[in-house]
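Asks: the following comprises the amino acid sequence and a computationally predicted model.
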Amino acid sequence: MPLITIDDQQIEVAAGSSVMDAARVAGIYIPHFCYHKKLSIAASCRMCLVEVEKAPKPLPACATPVTDGMIVRSHSTKAVEAQKGVMEFLLINHPLDCPICDQGGECQLQDIAVGYGGGASRYAEAKRVVRDKDLGPLIATDMTRCIHCSRCVRFGQEIAGIMELGMPGRGEHTEVMPFLEHHVSSELSGNVIDLCPVGALTSRPFRFSARSWELARRKGVSPHDGLGSNLALQVKDNRVLRVTPVENEAINECWLADRDRFSYQALDSDERLTRPMVKDGGRWVEVDWLKAMAFAAGALKVIRDTHGAEAIGFIASPRQTVEELYLFQKLARALGCESIDSRIGQADFSGRRAGVEWLGMALADLNDLDRVLLVGSTVRKEQPLIAQRLRQAVKKGAQMNVVHCADDDLLCRVANKLIARPSELVGALAQVAKAVGAKIDGLDTVVVSEAAQAMAASLKSGEKKAVLLGAVAQQLPAASELHALADAIAKATGATLGFLVAAANGVGGGVVGCRPGQGGANAAAMFAAPKKAYVVLGAEPELDAADSAAAHRALAGAGLVIALSPFKTASADYGQVMLPVAAYAESAGSYVNMEGRLQSWRAAVPPRGDARPAWKVLRVLGNQFGLTGFDQDSAEQVLAEALPDGEATVRAKLNNEIADLTLAHLSAAAGIERLGDTPIYQTDAYSRRAPALQATADGQTGHAALACGALIARLGLSEGKPVKVRQNDAEAVFNLLRDDRLPDNVVRLASGLAAAVHLGPRFGPISLEKM
Amino acid sequence: MSATYTGPKVCLWTLDHANPASLETYVANGGYSALKKILAERTPAAEIIEQVKISALRGRGGAGFPTGLKWSFMPRGYDGDKYIICNSDEGEPGTFKDRDIIEFNPHQLIEGMVIAGYTLGAKAGYNYIHGEIFELYQAWEKALDDARAAGYLGQNICASGWAFDVHAHQGYGAYVCGEETALLESIEGKKGQPHFKPPFPASFGLYGKPTTINNTETLASIPWIMRHGGQAFLDLGKPNNGGTKIFSISGHVNRPGNYEIPMGTPFADLLEMAGGVRNGHQLKAVIPGGSSAPVLPAEIIMDCTLDFDSIAKAGSMFGSGAVIVMDETTCMVRALERLSYFYYEESCGQCTPCREGTGWMYRVVHRIEHGQGRPEDLDLLLSVGSNIAGRTICALGEAAVGPVQSFIKHFRQEFEYHIANKRCLVGA
C-alpha cells in the first residue's frame, strides 16, 4: 500500500487510489465539480487541481493515481492559486443571480465560490446565454447555469444505462442536451437533479416552491418496490415538498428511482380521503371517528354473527407497514377469520412453500454476481435500482440470461435469451432446467433448444450466480411451477434463488402472518369465491388483484366493504365505510425489504385532515370488538410484538424452498393470450396519483394494446387504430400499437389501470377484433 | 539565390519522378524493400526499434518525442489486440506537409505503418485523415487498394504468412482531434475530445488496447531508416535531430510551400529557398513551428537553425515545422486576434480553463484591435493566460496561450499603441 503525504498528513492508501480518494480517507476536502464517486473520472472541471511535489504543473486530484512517497499539497499557495483560477473561469459565464436560482442555498458552485471566488469579476464582456431544454415533466432546466461538469451525461451512460443527454458543440458553445427534442425517459432520470452541482437541472414539480434552508429533512423509506430506498422527505409547513435520497450503500446507494422521488405528489392529491365516511341510504356521509368505528364494527359483527367469520375477507396492500399488517391479521384472527392476505397480485398459490420468499441474498451482492438467470422480469421497470446493480455487474463481465415474455430492453448486455408467450414460460424454463441437469420430475418430454443449451452453459460456469424471479414470474397462473423449476436450476448450478419482491413490504406481510390460515381463503380465492364482507387495507383490489374483474365483482357484490385508505378509491363506488388512514410519510412504521432488512421511520408530516395512522385505526377497531391485545400505545410497541427479535425474527422465516408440485403447464395454450404486467407508475395508489410521473413516457405506457407486426397483419388489423379487445365475456376498446419485442400471439395489455379492470386476469386467452 | 539542398530526401523524393504517388514509381525506386527484408529475415522487433533510436527520429507532429523511445513503451508479450495509428489530422494553422506525403508518396507511409505494425505486434493500423482534405482520403484509399492487390497489406503480406491491414478514418476537421487521445475517441465514434493521462495510449488506447500513435511524416520516415540504417538518417541531420524534415513555409515569402531539408538548416537558408520576404519587405517576425509556437522577432529567428534544440533555446517551439513569416506590414494585434479566434473556436469545451479562457482572451484581443482596449488589458491577458496554461487536460490550452504571451512579450509597444491611440501602429 502506497504511503503518501497529503497536507503534511501521512497516510497509507490502497494501491490504485487517486489523490482524491486519499484526501477523502485523510478527511481533507478538495473542491470539485465533475468528480463523483459513482461516476467515471472526467477530470474536466479542473477545480481539484493540487500541488504534487516534483510535478511541474498542478494535477487534478481526481485523475492522479497515488504513488509511494508522493507529497501532495491541496491547500498550498500554488494549489489555491490554480483552484482560484478555475473558479474565476467557472464564474465568468455563470449568471451570478443566486437569489432567483432554485439551487441557491444548496449549490456546490455557490459554496465553493465563497472559498475560492473573487469579490468582483474581471470579466467585462457579455455573458453566455444558453437556450433551455425540455427534458420532460420531471426535470426543469436553466441551461445558462450549466458549468459543463458532464455528471448528468455520464450518469445516463454509466448508471441509467442509456445515453439520453450528451454534450454537442465545441468550446464555449458546448451544451448539454437530449437527442433532437427528446425528453429524458429513464426511470432513474431524477438523479441528475441531485448530481447537477448548480441550478441547471432542478426538480420540475418542486421548482420555486421553497428555499432549501426552509425545509426540514426527515427520514423515510420508499413505499414502492421491494428495495426500501431511503428517503429524505423534505418538509415545510407540514407538507412534503420534495424527496431526495438518503445515502445507503447497502440499499439505494446514493440514487433514487423516479417513482421513489416524485410519488410524494400523491400526498397532496385531490383524491385524499380526509374524513371518515359511511354510506347512509346510498349516499356518503362524513361522520366523526367514533361513529365511523362503531358503524364499521357493528356492520362486521352482523356479518360474522349471521354468516360466520369466514364470510369476511381481509385483504391488504403489501405496501402497508409491518405494524399495520400485523394488527390487521391479528384483528382478523381475533374475529375468527383466517381469510387474510397481502399477496394481492398473486394468482398461483399451489405447492407447499417453506417460508416467506425473499431475495435470497443481500442487495449489495447483486453487484458481484457473474451469472444471472432473470425469469419473467422487465427488471428496469419493476425494480429500477436493482436493474442498475445488475447493470454494473454485467459491465464487470457478468452474463445476463433472460427468460421472459417480451424482449424488453434491459439496458445491459444480454448473453442469452428465451422469449416465450406467458403460457410457454414454464416450458421455456423447463428447457433450461433440463439442460443444466436439474433434479425435478416431468422433464422427460422437454426438448432443449439451442438458446437453453447456451444458457445452461453460461449458468454452469462462473462463481457467483443467481436465479431471479421477477414480477411476471411471480404473477403468472403457473408461478409456482416456475418457482419450482427456478429452485431446481439454482440447486443444479450452485446459484442462489431469489425473488425480486415487488412491494416495499411484501416480505414483511409474510413474516407477520398476513397470510391465510387453516380454512382461510388466499388473495385470489377470496375474490374467486366472493365473501359477504371485505376489509381492505390500503389496496385498490380492482387494480391490484391478479384477476381485477373478479375482485371488482366480488367487492361490488359484497354487502359490506370497509376500506382503510389514504385515498378515495373505487371503494367510493362499492364500499360502505371509508376510513382515512395516514399515507406513507404521515405515520411511523417499518418495512422489511426483499433482502430481509427491517427499516423503521417516524412520521415526517401529520396525516391529512382527520386521517389517522392505520395501526391506530386497527387497534381501536379491536377495542370496538372488546378484544384483548389491542392496547398498544405506539408503533414501536406494535413492532416489538410483531417482531420480538427484530430482524432475527424475520430471518427465521425467510425460505425460498417449494415442495409438492408437479409440472402441469409444460405445453403452451393455443391462441392469443394476454401479457398483463403492471406499468411502472401503476403499481400502487401513490404512483397512480403522482401527476408528474403520470405525465412521463412511462406514465403513458399501458394505455394502449400492443402486439407484434406479424399478429397485427394476420388479424387484418391496423396499427394506431382502435381495436376491440375481448377477454372472457368482457370487452373494451384500446388503441392498437405495434411492438415487435413481443412474441407472436401475445397482446400486451397492462394491468393496474382503470380501463382494463373489467377484462379479467392479467394472463390468459384474449382476442382482438376490428372495430 | 544560393541556398539549395540537393542531398537525399526522406519523404518527398518521389516528386522528382513522374507519377510520384504510384505504386510502380515507389517500388521501382526501392519501395517496400525494407518491409520485404524484415519479413523475410523475421528481423526481431528490438533490432528495428534500436535502429529507430539510433536515427534520432523525433516525432514530426510537433512534440518531438523520440520515436524509438515511444515504440519501446508498447507492452511486449501482451495477449490481445494492439493498434498502430497514423495521425494525419494536420490541423495546425500553417502546417501542410502531411497532406503532401499522402498525396505524393502514400506507399512510403503504408510501408512505414506496416513496419510499425510488425514491430509493435499490432493487429491493424488506422490512418486518421484531417476532415478538410477529403480528396486525399480517396487517394489514400486507392493507395491502400493498390498495396493490398500487390500483397503489401492484408492476410499474407509479402507471402510471409503475416497479416496486417491499414484502414482509413475520415476526421471532420476538428483541430483538437489531432491530440492523440481525442483522435482515439473520434475513431471510436465518440465526440473527439481529449482524455486525461495516465492511462497513456501505450497501455490503454484505441478500444482500450495498447496503441501507438505517430505522425504521418514520422511513420513515412521509417522505411528510409530501415533501408539505409539509423546512422545514415541521423547523419542527414544533426545530433539528437536526425533526418531531413519538411518545412511548410507560408506567409509573406515569395515562394511559399513545402521544403524538405536537413534538420539543423539555418532559418536564413530556408527563407532564401522560399524566395525571401515578399516584394522586398523587411522580415518582422516568424512563428517557427505552427500557430501555437511562440512568435520570434526577426533578429532572434535569423540566428536560429531549424531543429528542436535551437528553436527551443530561442524561446519557441520547433513544432511541426510550419514556418509562418510576417513582414513589417503586419499588425501584430490583428495577427494575434486571428490566432486567438482560432483557439477559441477550436477548444473542445471540455475543461474549464480552455473553454472559458480562450473565449475571454479572444474577446479582449478583439477589443484592443477594435479600439476598445483598456490599459489593464495586457496584464489581464497575461494573467488569464497563466490561469489556462498547465491547467488543462490537453495542450490546446497552452497552444492558445503561447501566441498571446509571446506577442505581448515581443511586441508590447504595438499593443500599447493600439490601446492608447485606438488605432494601429503599422502604417500609422
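Replies: Now that the structure is in, tell me what you want to look at. In this text, all values refer to a predicted model and were calculated from it rather than measured experimentally.
Asks: for B:P106, give its distance to chain A.
Replies: Look at B:P106 and chain A: by CB to the nearest CB, to the nearest Å, they are 30 Å apart. In short, each C-beta sits where N, CA and C put it, glycine included.
Asks: for that residue, give me its contacts.
Replies: Shown in contact with B:P106 (CB atoms under 8 Å, 6 or more residues apart in numbering or on different chains): B:21, B:139-140, B:143.
Asks: from these, which two are the most distant?
Replies: Across these, the longest distance by CB to CB is 9.8 Å; it joins B:A21 and B:W140.
Asks: find the centremost residue of the chain, please.
Replies: If you meant another chain, say so; for now it's chain A. Geometric centre of chain A, nearest residue: A:D225, 3.5 Å, by CA atoms, centre = their mean.
Asks: the chain in question should be chain B.
Replies: Closest-to-mean residue, chain B, CA atoms, centre = their mean: B:G61 / 2.7 Å.
Asks: one step back: please look at the residue nearest to the centre of chain A and A:A504 and confirm they touch.
Replies: Yes. A:D225 is within contact range of A:A504, at 6.8 Å (criterion: CB atoms under 8 Å).
Asks: and the residue nearest to the centre of chain A, helix, strand or coil?
Replies: Judged by DSSP: H, G, I helix; E, B strand; the rest coil, the three-state class of A:D225 is coil.
Asks: okay, it: pLDDT?
Replies: pLDDT recorded at A:D225 is 96.
Asks: where does pLDDT dip in the chain?
Replies: Since no chain was named, I'll use chain A. Nowhere does chain A drop to pLDDT under 70.
Asks: that was the other one, I meant chain B.
Replies: Ranges of chain B meeting pLDDT under 70: B:1-2, B:428.
Asks: in the stretch 51-200 of chain B, which spans are strands?
Replies: B:83-88, B:124-129, B:165-170 (DSSP state E, counting those that start in this stretch).
Asks: so what's the spatially closest residue to A:L749 that is not a sequence neighbour up against?
Replies: Nearest non-adjacent residue to A:L749, counting by CB to CB, 6 or more residues apart in numbering or on different chains: A:A705, 4.9 Å away. Taking CB under 8 Å, 6+ apart, we find A:A705 in contact with A:723, A:725, A:734-737, A:747-749, A:768.
Asks: mind putting those residues into TSV with neighbour count and secondary structure?
Replies: Converted to TSV, these look like this (neighbours: other CB atoms under 10 Å in any protein chain shown; DSSP: H, G, I helix; E, B strand; the rest coil):
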residue	neighbour count	secondary structure
A:V723	23	strand
A:V725	22	strand
A:F734	21	strand
A:N735	13	strand
A:L736	25	strand
A:L737	17	strand
A:V747	26	strand
A:R748	22	strand
A:L749	25	coil
A:L768	20	strand
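Asks: now, which of those sits nearest chain B?
Replies: Nearest to chain B among the contacts of A:A705 is A:L737, at 31.6 Å by CB to the nearest CB.
Asks: distance between the ends of stretch A:683-692?
Replies: 15 Å (CA to CA, to the nearest Å).
Asks: cool, and stretch A:746-766?
Replies: First-to-last distance for stretch A:746-766 - CA to CA - comes to 9 Å.
Asks: for the longest helix along chain B, name the packing helices and strands.
Replies: Longest helix of chain B, by residue count under DSSP state H: helix B:396-421. Applying 3 or more CB pairs under 8 Å, 6 or more residues apart in numbering or on different chains; DSSP states H and E, one finds that helix B:396-421 contacts strand B:283-287, strand B:296-297, helix B:332-346, helix B:352-369, helix B:377-388.
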